[in-house]
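# this one's structure only:
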């Protein structure tokens, strides 16, 4: 880390981490022979639904949700259900006072989902992806639970396939749904294999990534639980009635409306000196094109079109090559 990075981190205000780390020791072994992975078969035909958490070791809300599902004894009524605590090595390093340090061990697990990268097996995350790959490859429907660097409203990421947007609409929450093509740095789990195929080739697959809010906000746990219930009910693996009985209080009110945020491109920092001109928290709408929203090491950053929306702005990880915000167009879903 150079002096500019040290200076940058000293200028980013710390956030209070109120969500405690869950004790998952009772569930760590799994029942599949792969640590942290649980699989249940109803014995009846149906979809293979999968819910993943802890792809990043400091994103605790999904681990709380999976722990809750396991403690409640949730089992599929038809089809199969897989629950996966993913980056256990990073989670083991979690420290609320320095939570970003446990995001990953060697590199971001959610950028490794190409077979060539996984097969290289040259980092802890690629080796873990290899262990998880059979379960992801077999899943028909996937919900990948994440949280955010900054306080913000929840976002449901669908990728660019219309079938996932239809599922987001059927789930009726959260309010904001991001339609994006992924990241230049690598392929996410939710885009792996069949999940990344266009509608005409992807069959019955569906894959969603939920950003539940700030990592340390207890409200992110409630969002993760809500999304699990909605996803499982839509998958048909369990009925809404069974879920309500087994998981009382997990379902939050429907969103009053839903917006599709169609991402048009990222803003990539050229150094750790990137700054926004105001303390943006995401979902700000700028009426006029050309509105300056940041400074990229001396170069003004302006909105590229009218009614431009900011998606997940954050300088907490700012350095050369890192996306600090994405621009999107908004329309009713």
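On my side now, so go ahead. Being a predicted model, the structure only gives us computed values, none of them experimental.

# list the contacts for residue 251?
Residue 251 sits next to 226, 229, 230, 243, 244 when contact means C-beta atoms under 8 Å, 6 or more residues apart in numbering. Yep, even glycine has a C-beta here, placed from its N, CA and C like the rest.

# and the next helix or strand past the longest helix anywhere in the chain?
If you go by DSSP state H, the chain has its longest helix at helix 218-235. As assigned by DSSP states H and E, the chain's next helix or strand after helix 218-235 is helix 240-246.

# which other helices and strands contact that following helix?
Based on contacts counted as 3 or more C-beta pairs under 8 Å, 6 or more residues apart in numbering; DSSP states H and E, the elements that helix 240-246 packs against are helix 218-235.

# the helix it packs on: which residues count as buried?
By 16 or more other C-beta atoms under 10 Å, the buried positions in helix 218-235 come out as 219-235.

# equivalent analysis for stretch 104-113, please.
Buried, per 16+ other C-beta under 10 Å, within stretch 104-113: 104, 105, 107, 108, 109, 110, 111, 112, 113.

# any figure for the gap between the residue lying closest to residue 161 once chain neighbours are set aside and residue 232?
In space, residue 161 comes closest to residue 199 once its chain neighbours are excluded; the distance is 5.7 Å by C-beta to C-beta, 6 or more residues apart in numbering. With distances taken as C-beta to C-beta, to the nearest Å, residue 199 is found 23 Å from residue 232.

# which residues in the stretch 1-150 of the chain form helices?
Here the stretch 1-150 of the chain has its helices, by DSSP state H, counting those that start in this stretch, at 3-11, 61-71, 88-91, 115-120, 124-138.

# so which of these gets nearest residue 177?
helix 61-71 (18.5 Å; C-beta to C-beta).

# what's in contact with that closest one?
Residues outside helix 61-71 that contact it (C-beta under 8 Å, 6+ apart) are 19, 21-22, 24, 27, 38, 51-54, 83-85, 91, 145-147, 212-213, 215, 220-221, 223-225, 227-228, 247, 250.

# restricted to buried residues, select these in ChimeraX.
With 16+ other C-beta under 10 Å as the criterion, this ChimeraX line picks the buried residues out of the contacts of helix 61-71:
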select :19,21,22,24,27,38,51,52,53,54,83,84,85,91,145,146,147,212,213,215,220,221,223,224,225,227,228,247,250
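
# does residue 212 really touch residue 223, like I thought?
Yes: contact criterion C-beta atoms under 8 Å: residue 212 and residue 223 qualify, at 3.9 Å.

# what sits in contact with each of the two?
The contact sets of residue 212 and residue 223 overlap at 61, 154 (C-beta under 8 Å, 6+ apart).

# what about the closest residue to residue 181 other than its chain neighbours, neighbour count?
Excluding the flanking residues, the one nearest residue 181 by C-beta to C-beta, 6+ apart is residue 160, at 5.4 Å. Residue 160 has 16 neighbours, counted by other C-beta atoms under 10 Å.

# is it true that residue 160 touches residue 178?
No: counting by C-beta under 8 Å, residue 178 is not a contact partner of residue 160; they are 10.6 Å apart.
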